[in-house]
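In: Provided below for reference: sequence and predicted model.
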Amino acid sequence: MDIATLVGMLGAFGLIIWAMDGAAGIGAFWDVTSVTIVLGGSLAVLLMRSTLPEFINAWAKVFLKTILNKNEDPGELIEQIVEMANISRRDGAIALEGQMGEIQNPYLQQGISMVVDGTDESVIESSLTNDVELMAHRHAEASAVFKSWADIAPAMGMIGTLVGLVGMLQNMSDPKAIGPAMAIALLTTLYGAFLANVVAKPIAEKLDNYSANEQNNCGLIIEGVIEIRRGTMNPRVLSDLLKSRLSPGDRAKLAAT
């Protein structure tokens, strides 16, 4: 579970609610019409801009990647790849078949399975690279949905503001009608800014970060599996080669273990 996402979201919501309560009470910032215009309207437009599978997949990605996701440590991945290289070098590639049950990463499992089957290294590289590209495309689609939502929500807030202003101007002779119309005008702008900057944009950026990390791990796997298939590189050299792809922080963390 990604604690940072939960803490950040709860913190942002909590601080904003606290500020609202201190300013005029929570009730003053609640208006059903404004919520309908901004939330309902923006989701409807979002459906227009994307296909239904893309829309559903985006929300599934949010739940799986930003709530339940546990980032795979690239250092641990390298250690597992080097262990596979040692086994292959000592006992032959066929011996890796007995290690398949210990591999948690499905991408690495697929690569090692192809090595065990004796698949040509060019075919392995092409197959794994295609899978990474498809994965990156799926991730980009999910992120694009929330980036679109971040664009749409403020626009719907502006539409709500105009609706409220028109209602206010048409009822200038009735003081009791001015307040509700003005509330719609102001609250829709608030709701639009809130959805865009507290919900949609952070989720899109978090999905992009997860996608980048996952693609980097897949790059480690491709390079490692290809070298295991070739069988010409010393596992220690392979370890150093894969570590060179890590950030300085990850390298220091791996060296400390």
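Out: That came through, no problem.

In: from now on I want contacts and neighbour counts done on CA atoms only, so please keep to that.
Out: Fine.

In: flag the shaky bits of this protein, pLDDT-wise.
Out: 1, 65-70, 256-257 (pLDDT under 70).

In: which SSE is the most centrally placed residue in it in?
Out: With distances taken as CA atoms, centre = their mean, the residue of the chain nearest its centroid is Leu207 (1.6 Å). Leu207 belongs to helix 201-230 when assigned by DSSP states H and E.

In: the closest residue to Gly179 other than its chain neighbours: what's it in contact with?
Out: Closest residue to Gly179 apart from its sequence neighbours, by CA to CA, 6 or more residues apart in numbering: Met168 at 7.9 Å. Met168 sits next to Ala177, Ile178, Gly179, Ala181, Met182 when contact means CA atoms under 8 Å, 6 or more residues apart in numbering.

In: of those residues, which is the nearest to Val32?
Out: Taking CA to CA as the measure, Val32 lies nearest Ala181 of these, at 12.3 Å.

In: got the buried residues for whichever strand or helix holds Ala193?
Out: Assigned by DSSP H and E, Ala193 belongs to helix 175-194. For helix 175-194, burial by neighbour count (16 or more other CA atoms under 10 Å) applies to 178, 181-194.

In: report the two of these separated the most.
Out: Ile178 and Phe194 (24.3 Å).

In: phi, psi of the residue located most distally from the centre of the chain?
Out: Within the chain, the residue lying farthest from the chain centre (CA atoms, centre = their mean) is Ser173, at 50.9 Å. Main-chain dihedrals, Ser173, degrees, to the nearest 10: phi -80, psi -10.

In: now it: how far from Ile81?
Out: 76 Å (CA to CA, to the nearest Å).

In: domains in the protein, by residue range?
Out: 1-30, 32-257 (automatic domain parsing).

In: just say which of the ones you listed is most tucked in.
Out: Among the domains of the chain, the stretch with the highest mean neighbour count (mean count of other CA atoms under 10 Å) is domain 32-257, at a mean of 17.

In: gap between it and the chain center?
Out: For domain 32-257, the separation from the chain centroid amounts to 3 Å (computed by CA atoms, centre = their mean, to the nearest Å).

In: ok, the residue nearest to the centre of the chain touching His139?
Out: Yes: between Leu207 and His139 there is a contact under CA atoms under 8 Å: 7.3 Å.

In: can you pick out the most distant pair from the contacts of Met168?
Out: Counting by CA to CA, the most remote pair of these is Ala177 and Met182, 8.7 Å apart.

In: give the helix, strand or coil label for Trp59.
Out: Three-state assignment for Trp59 (DSSP: H, G, I helix; E, B strand; the rest coil): helix.

In: excluding sequence neighbours, find me the nearest residue to it.
Out: That would be Ala142: by CA to CA, 6+ apart, it lies 7.7 Å from Trp59.

In: mind listing what that neighbour touches?
Out: Glu54, Phe55, Asn57, Ala58, Trp59, Lys61, Ala204, Leu207.

In: how far away is it from Thr51?
Out: Ala142 is 11 Å from Thr51, by CA to CA.

In: cool, and Ala28?
Out: 37 Å.

In: same check on Gln99?
Out: For Gln99, the distance to Thr51 (CA to CA) stands at 41 Å.
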